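> fold the stuff below for me.
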Amino acid sequence: MTKGVTPHMVTVSTLTLVKVALILLLLWALYLIADVLILLIASLLFAAALDPWVDTLQKKYHIPRAVCMLTIYAILIAVISSAIVLIAPPLIDEIGQIAQAFPHYYTQINEWLINVNQQTGSNGAPLQSLSNAVTSATTGAFSVVSSIFGGIASFILVLFITYYLVVDEGAIKRIAMIAPKQHQAYFTNLITRLQKQMGIWLRAQVTLMAIIGAVTYLILLAIGMPYALVLAMIAGLTEFIPYLGPLLGAVPAVIIASSISPLMILTVIAAYYLMQLFENNIIVPKIMEKALGLSPVVSIMVFLIGARLAGIAGALLAIPIATAAMVVINDLLSSRNRSEAKPNSR
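Presented below is the predicted three-dimensional model:
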């Protein structure tokens, strides 16, 4: 006679249910204030990037942190303003030329798709896809312009928050005081490590974007490619997109080259390929070697999830947030491994 399986009763205490409810309520509250959290995270990221510079100025010249921060802001504003004065006129001129030539590019691509349609015997889906893409791009352009004006106000707010976070040297580390007393030392150490690593990542990323933009401009200028400045700006900005950025940055250049000649298409593809080799083998190992990274698949997925949840801001902050999360996860795994190793060592 087979013995019956004794059923096990699973009981959940009221306290556990309350904890789960509080966690869900907290997550919902964080979702409601997502915009504010994005500004705070951006401020923490900028503070992490600027804090080493302020520390260096303070220790070397013995001046208050507030003066150091204002000096750095003044230098950054001067550099950015000079760049705008130098770049804006030719950039606006090239954008105007592209806008005038856009119908020509659209017609050429349209004719190419018609030939593809006739040769493959498809039902015109490529043409419809192109039309939809143009409509989406036009609508998206207006959305980007409107978001830029809203983004300026947010950026100014981020600068103010960053200023106070850096000037008040212990402001960020005081977050650790929220944790239970026995864990405060760990959280203080964790915040210090995250602050250092995020600062390294941001400075390295900005440097990489600037170098790629400058190199792209010089190469496109050398091969006689029109709209070199606009295409270089696109190449630099798309570097922020992990792994897919260089490919996306090359697409507009190839489209414009297709309206010139087959030789120019091959030249542009070869130029971007050489730039990619230069980036992967020389620039990235030198600049990004100290910056924390994620695997390609995780980076792309995190970027797309951030863009889906919080738009442009979410996409920009997704990688540093995921990197910080990986640091915490690695700490937890290391702690668990140490705990499991102790009984075995006895």
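> element containing residue 225?
For residue 225, there is no enclosing helix or strand under DSSP states H and E.
> neighbours around it, how many?
21 (other CB atoms under 10 Å). Using the backbone N, CA and C atoms, a C-beta is placed for each residue, glycine as well.
> how about the contacts made by residue 271?
The contact partners of residue 271, by CB atoms under 8 Å, 6 or more residues apart in numbering, come to 219, 220, 223.
> could you redo the last one with a cut-off of 7 Å?
The contact partners of residue 271, taken as CB atoms under 7 Å, 6 or more residues apart in numbering, are 219, 223.
> helix or strand for residue 158, which one?
helix 125-167.
> tell me the first helix or strand C-terminal of that helix.
helix 184-222.
> could you dump whatever helix or strand residue 278 lives in to CSV, C-alpha only?
Element membership for residue 278 (DSSP H and E) is helix 262-278. Taking C-alpha atoms only, helix 262-278 is exported to CSV below (Å, rounded to 0.1, in the frame of the first residue of the first chain):
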residue,chain,number,x,y,z
PRO,A,262,28.8,54.3,-56.2
LEU,A,263,32.4,55.2,-55.5
MET,A,264,31.4,57.6,-52.8
ILE,A,265,29.3,54.9,-51.2
LEU,A,266,32.2,52.5,-51.0
THR,A,267,34.5,55.3,-49.8
VAL,A,268,32.1,56.3,-47.0
ILE,A,269,31.6,52.6,-45.9
ALA,A,270,35.4,52.1,-45.9
ALA,A,271,35.9,55.3,-43.9
TYR,A,272,33.4,54.4,-41.2
TYR,A,273,34.8,50.8,-41.0
LEU,A,274,38.3,52.2,-40.5
MET,A,275,37.0,54.6,-37.8
GLN,A,276,35.3,51.6,-36.1
LEU,A,277,38.6,49.7,-36.1
PHE,A,278,40.4,52.8,-34.7
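> what's the first helix or strand after that helix?
According to DSSP H and E, the helix or strand after helix 262-278 is helix 284-287.
> and that next one, which residues are buried?
residue 287 (16 or more other CB atoms under 10 Å).
> cool, stretch 182-202 as well?
So, applying 16+ other CB under 10 Å, buried residues of stretch 182-202: 187, 188, 190, 191, 194, 195, 197, 198, 199, 200, 201, 202.
> dump stretch 247-256 to PDB, keeping only the CA atoms.
Extracted C-alpha coordinates of stretch 247-256, given in PDB (Å, rounded to 0.1, in the frame of the first residue of the first chain):
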ATOM      1  CA  LEU A 247      26.300  51.600 -37.100                       C
ATOM      2  CA  LEU A 248      23.400  54.100 -36.700                       C
ATOM      3  CA  GLY A 249      25.700  57.000 -37.100                       C
ATOM      4  CA  ALA A 250      26.900  55.700 -40.500                       C
ATOM      5  CA  VAL A 251      23.400  55.300 -42.000                       C
ATOM      6  CA  PRO A 252      22.800  59.000 -42.800                       C
ATOM      7  CA  ALA A 253      26.300  59.200 -44.400                       C
ATOM      8  CA  VAL A 254      25.600  56.200 -46.600                       C
ATOM      9  CA  ILE A 255      22.200  57.500 -47.700                       C
ATOM     10  CA  ILE A 256      23.700  60.900 -48.700                       C
END
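> list the buried residues of it.
249, 250, 252, 253, 256.
> can you check stretch 309-320 too?
Per 16+ other CB under 10 Å, stretch 309-320 contains these buried residues: 310, 313, 314, 315, 316, 317, 318, 319, 320.
> next, the angle from the helix or strand harbouring the third one to helix 184-222.
Of the helices and strands defined by DSSP H and E, residue 314 is found in helix 296-345. Using axes from the mean of the first three to the mean of the last three CA atoms, to 10 degrees, the interaxial angle of helix 296-345 with respect to helix 184-222 works out to 150 degrees.
> what is helix 296-345 packed up against?
Under the contact criterion of 3 or more CB pairs under 7 Å, 6 or more residues apart in numbering; DSSP states H and E, helix 296-345 touches helix 34-61, helix 184-222.
> which of these sits closest to residue 110?
Checking these against residue 110 by CB to CB gives helix 184-222 as the closest, at 25.3 Å.
> what helices or strands is the following helix or strand past the closest one leaning on?
The helix or strand immediately downstream of helix 184-222 is helix 228-238, counting by DSSP H and E. Here helix 228-238 touches helix 65-120, helix 184-222, helix 245-257, going by 3+ CB pairs under 7 Å, 6+ apart.
> tell me which residues of helix 228-238 are tucked away?
228, 229, 230, 231, 232, 233, 234, 235, 236, 238.
> against residue 71, how distant is the fifth one?
The reference is to residue 232. The spacing between residue 232 and residue 71, counted by CB to CB, to the nearest Å, is 30 Å.
> where are the low-confidence patches of the stretch 101-250 of the chain?
The model of the stretch 101-250 of the chain has pLDDT under 70 over residues 113, 116-117, 120-151, 173.
> let's see 50
Scanning the stretch 101-250 of the chain for pLDDT under 50 picks out 137-142, 144-146, 148-149.
> excluding covalently adjacent residues, which one is nearest to the most centrally placed residue in the chain?
For the chain, residue 316 is the residue whose C-alpha lies nearest the centre (CA atoms, centre = their mean; 3.1 Å). Beyond its immediate neighbours in the sequence, the residue positioned closest to residue 316 (CB to CB, 6 or more residues apart in numbering) is residue 240, lying 6.7 Å away.
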